[in-house]
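Participant: I'd like to go over a predicted model; first the sequence, then the structure.
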Amino acid sequence: MKTPAFSNKATHSFGVILAAVLLAGCLMSEYDEYHIIINTDGKSGTITTTMYNLESDQSDTVKQREDFETLLQNWKGDQYLLEKMKEGVYVKDRKLTAEKGGLVWKEVAIFADIPQLFHDVIVNDTLRIGFGNDETVVATNGELIRTKDSSFVQWPLQAKEFFLKTKKNDFHATSNFAAKFKAYIKDHHE
């Protein structure tokens, strides 16, 4: 979980809303990319979340298998969609693919009210996302502000587009979800 620059509640809220796959199990990704487009009404919009090189953060093979099964359930099952609706987003599309030797999750969702959706990370009409030293901001269209032991990205709340891509600094996984996924696809003829 991201270490916040402002409060645990603020960063946790953002992570729960956007980091869709991390809702269950002990899944991690090397890169996370978030792209939010606001509609002309200034409140509703679309969130595209892409997580690259998904793996389990567990070393035990039984727990890795459980994490992989959870990931497949999130990809195929309805319970995941219901949980996302409770959070205020409607998932229009979700894909799980093997790309360049890694497993990639891509999700497109819509929401009705950005201030309501992100109320925990809005400070003085600014959307602020905090990070600890375990993550690096790779790209953003927001303002990146670094402090001694953390950093944050902020955007004016009236912005029409929010983009953020982060990288885990110490990403090491013993699971091989891309290979498991390819075998799953082959076995299920998908």
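Facilitator: Right, received. Where do you want to start?

Participant: output the below-cut-off pLDDT ranges for this structure.
Facilitator: 1-25, 190 (pLDDT under 70).

Participant: toward the C-terminus, what is the element adjacent to the lengthiest helix in it?
Facilitator: The residue-count maximum for a helix in the chain (DSSP state H) belongs to helix 61-76. Moving toward the C-terminus from helix 61-76, the next helix or strand (DSSP states H and E) is helix 78-86.

Participant: and that next one, how far out from the chain middle?
Facilitator: Relative to its chain's centre, helix 78-86 lies at 15 Å (Cα atoms, centre = their mean, to the nearest Å).

Participant: count the residues that sit near residue 90.
Facilitator: By the measure other Cβ atoms under 10 Å, the count of residues near residue 90 is 12. For every residue, glycine as well, the C-beta is placed using N, CA and C.

Participant: again, but for residue 98
Facilitator: When counting by other Cβ under 10 Å, one arrives at 16 neighbours for residue 98.

Participant: can you give me phi and psi for it?
Facilitator: phi -90, psi 120 (degrees, to the nearest 10).

Participant: surely it meets residue 180?
Facilitator: No. Assessed by Cβ atoms under 8 Å, residue 98 is found out of contact with residue 180, at 9.6 Å.

Participant: now do the strands in this protein.
Facilitator: 27-28, 31-38, 45-52, 55-56, 89-99, 102-111, 122-123, 126-131, 135-140, 143-146, 151-156, 161-168 (DSSP state E).

Participant: in the third one, what counts as buried?
Facilitator: To tie it back to what came earlier, the one meant is strand 45-52. 45, 47-52 (16 or more other Cβ atoms under 10 Å).

Participant: distance from the chain centre to that strand, please.
Facilitator: Relative to the chain's own centre, strand 45-52 is displaced by 7 Å; criterion: Cα atoms, centre = their mean.

Participant: same deal with the first one?
Facilitator: Strand 27-28 has its C-alpha centroid displaced from the chain centroid by 10 Å (Cα atoms, centre = their mean).

Participant: with the fifth one instead?
Facilitator: Here strand 89-99 shows a centroid-to-chain-centroid distance of 11 Å under the convention Cα atoms, centre = their mean.

Participant: hey, C-alpha coordinates of it in PDB?
Facilitator: The C-alpha trace of strand 89-99 is given here as PDB (Å, rounded to 0.1, in the frame of the first residue of the first chain):
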ATOM      1  CA  VAL A  89     -17.800   3.300 -10.200                       C
ATOM      2  CA  TYR A  90     -19.400   1.300 -12.900                       C
ATOM      3  CA  VAL A  91     -16.900  -1.000 -14.700                       C
ATOM      4  CA  LYS A  92     -17.500  -0.900 -18.400                       C
ATOM      5  CA  ASP A  93     -14.600  -3.100 -19.400                       C
ATOM      6  CA  ARG A  94     -11.900  -5.200 -17.800                       C
ATOM      7  CA  LYS A  95      -9.200  -7.200 -19.500                       C
ATOM      8  CA  LEU A  96      -6.400  -9.400 -18.400                       C
ATOM      9  CA  THR A  97      -3.700 -10.100 -20.900                       C
ATOM     10  CA  ALA A  98      -0.100 -11.400 -21.100                       C
ATOM     11  CA  GLU A  99       2.100  -8.700 -22.700                       C
END
